[in-house]
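Trainee: Turn this into a model:
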Amino acid sequence: MEEKVHKIRSSFRTVFSFRNAAESFLRTPHHSKNSPTLLLKKSKGFTLIEILVVVGILGLLVTAFISLINPTLQIQKSRDARRKSDLRQIQSALELFRADCGQYPDDVSFVLSSPLTSSTCPGFTGPTVVYMQSVPKNPNGTNYYYDRTSTNTYGLATCIENANDVGEGVVTNASCPPSNKSYGVYNP
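Mentor: So this is what the prediction gives:
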């Protein structure tokens, strides 16, 4: 039994000593200075080709992902959602104003100035009520459109950016670049 263990150990030594000898042979130059030498290389990193392939694949995946989510369209949709929310807020303030004053504001001055209060009501004698502290502005910096056609009707409108929007209140409007669509709310 001892002989078997000794033979196995010595055979391992032979294999490993041969490997060590081969590595040392391949690492040391045995040729003249002008001839290329064969060196054993240990892999400790990535080659330039491997890195370029990975970067190329990542670039393709990022490009595909960005084209799927379409950030420009998402930004347009978010600004349009803000516009719609702003018009609903203004509409709520107008309805409160009408409940106290009996009519809607007579001009666009409330859109251009802040706040919307009961002090602009004709004949209102009670304490001043603030219906809207500050009138929101369009994300592009312009005012929203307000048109009072009579004491009991009005319209609020704004141009929207998303040409694919087909929701309630969205209509085609040639004076609205670039989508030719506008969104409006009217007295209920």
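Trainee: what's Gly184 in contact with, if anything?
Mentor: When contacts are counted by Cβ atoms under 8 Å, 6 or more residues apart in numbering, Gly184 touches 87, 155-158, 169, 171. Using the backbone N, CA and C atoms, a C-beta is placed for each residue, glycine as well.
Trainee: quick one, domains of this structure?
Mentor: 2-69, 72-186 (automatic domain parsing).
Trainee: about what we covered before: using JSON lines, lay out the contacts of Gly184 together with pLDDT, distance to Lys181 and secondary structure.
Mentor: Shown next, in JSON lines, are the contacts of Gly184 (pLDDT from 0 to 100; distance: Cβ to Cβ, whole Å; DSSP: H, G, I helix; E, B strand; the rest coil):
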{"residue": "Leu87", "pLDDT": "92", "distance to Lys181": "14", "secondary structure": "helix"}
{"residue": "Gly155", "pLDDT": "89", "distance to Lys181": "16", "secondary structure": "strand"}
{"residue": "Leu156", "pLDDT": "90", "distance to Lys181": "15", "secondary structure": "strand"}
{"residue": "Ala157", "pLDDT": "90", "distance to Lys181": "11", "secondary structure": "strand"}
{"residue": "Thr158", "pLDDT": "91", "distance to Lys181": "10", "secondary structure": "strand"}
{"residue": "Gly169", "pLDDT": "90", "distance to Lys181": "10", "secondary structure": "coil"}
{"residue": "Val171", "pLDDT": "91", "distance to Lys181": "7", "secondary structure": "strand"}
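Trainee: what about burial for these, which qualify?
Mentor: Buried residues within these, counting neighbours by 16 or more other Cβ atoms under 10 Å: 87, 156-158, 169.
Trainee: ok, of the contacts of Gly184, which one's closest to Glu50?
Mentor: Using Cβ to Cβ, Thr158 is the member of these that lies nearest Glu50, at 53.5 Å.
Trainee: quick revisit: from the buried ones among the contacts of Gly184, pick the one nearest Ser119.
Mentor: Closest to Ser119 out of the buried ones among the contacts of Gly184 is Leu156 (21.5 Å), distances taken as Cβ to Cβ.
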